[in-house]
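1. Here is a sequence with its predicted model. Questions after.
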Amino acid sequence: MSNKTIQLDQKLYEYLLSVSLREPPVLKNLRVATATLPGANMQIAPEQGQFMALLVKIMAATRLIEIGTYTGYSTLVCALALSDGKIIAIDRDPVATAIARDFWQQAKVDHLIDLRIGDAQDILQSLVQNNSHKGAIDFVFIDADKVNYPIYYELSLKLLRKNGVILFDNVLWGGAVADEEYQDHNTTAIRNLNLELLDDPRVDISMVPIGDGLTIARKK
């Protein structure tokens, strides 16, 4: 029994996956392919992907935005959860997203994904200026350059409908956010974002220790 979140050692983590993870082969294959790449640490954990997919289903979300796509695991897991709708996936890396496109096609969900290559801030600004998107998005996942998280947050809030949800990845940043010895730009940016979200009356929040830390913010 415990009155705080239990610590997961490797044995318990493997048990958690063994009794809860339902990962289709195409997702597992993408995860295995990504593990061979230099930036493999940017891949979300499979249990986090399943959690995100469940949120999409619970919300019956149909209009999604992903900021930071990499090889497309989180995009794919959300696309597989859609019964209808579209995901606007934003990334600046045409090489990594070429891998993503291949697996989206294998899973036959590529028609649900609108991949936009370029600067995320510019793309989000253009969406804000488009009246068909402003105030209409159900679900946003932010997993890109950490220093610009506050900018992506403000633009996402403009796009989000009332009761829509934003998910912020890496909010525990490997534990560095709790260690004042770490004062690099990324750690400081995430630390500041966490404090900003805590005091932001525009949203309800919950930070959950899944993957590298995930904050869920609901627009009031």
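-> Thanks, I have the structure now.
2. Quick check: beta-bridge partners of the residue nearest the centre of the chain?
-> The residue lying closest to the centre of the chain (C-alpha atoms, centre = their mean) is residue 141, at 3.6 Å. When assigned by DSSP bridges, residue 141 has beta-bridge partners residue 66, residue 167.
3. shouldn't it be in contact with residue 78?
-> Yes - using C-beta atoms under 8 Å, residue 141 is in contact with residue 78, at 7.4 Å. Where C-beta positions appear, they are placed from N, C-alpha and C, glycine not excepted.
4. Mind listing the shared neighbours of the two?
-> 52, 64, 66 (C-beta atoms under 8 Å, 6 or more residues apart in numbering).
5. burial count for the last one?
-> By other C-beta atoms under 10 Å, the residues close to residue 66 number 26.
6. Then residue 24?
-> By the criterion of other C-beta under 10 Å, residue 24 has 12 neighbours.
7. Make residue 1 into 225 and carry on from there
-> With 225 as the first residue, the last one maps to residue 248.
8. Assign the residue nearest to it when sequence neighbours are not counted to helix, strand or coil.
-> In space, and not counting its chain neighbours, residue 248 is closest to residue 304: 6.7 Å by C-beta to C-beta, 6 or more residues apart in numbering. With DSSP: H, G, I helix; E, B strand; the rest coil as the basis, residue 304 sits in helix.
9. number of nearby residues for residue 304?
-> 18.
10. List the contacts of it.
-> Residue 304 makes contact with 248, 251, 277, 331, 333 under the criterion C-beta under 8 Å, 6+ apart.
11. quick one: residue 388 and residue 251, what's the gap?
-> According to C-beta to C-beta, to the nearest Å, residue 388 and residue 251 sit 25 Å apart.
12. just residue 391 next, same as before
-> Residue 391 is 18 Å from residue 251, by C-beta to C-beta.
13. With residue 350 instead?
-> Distance from residue 350 to residue 251, by C-beta to C-beta: 30 Å.
14. between the two, who's got more neighbours?
-> residue 251 (21 against 12).
15. For the more buried one, give me its contacts.
-> By C-beta under 8 Å, 6+ apart, the contact set of residue 251 is 270, 273, 297, 300-301, 304.
16. Look up phi and psi at it.
-> The phi/psi pair for residue 251 (degrees, to the nearest 10) reads phi -70, psi -40.
17. Tell me the confidence at it?
-> pLDDT recorded at residue 251 is 97.
18. before we move on, what about the one 10 residues further on?
-> At residue 261, the pLDDT value in this model is 92.
19. Doesn't it lie inside a strand?
-> No - with three-state DSSP as the criterion, residue 261 is located in coil rather than a strand.
20. Tell me how far it lies from residue 337.
-> Residue 261 is 20 Å from residue 337, where distance means C-beta to C-beta.
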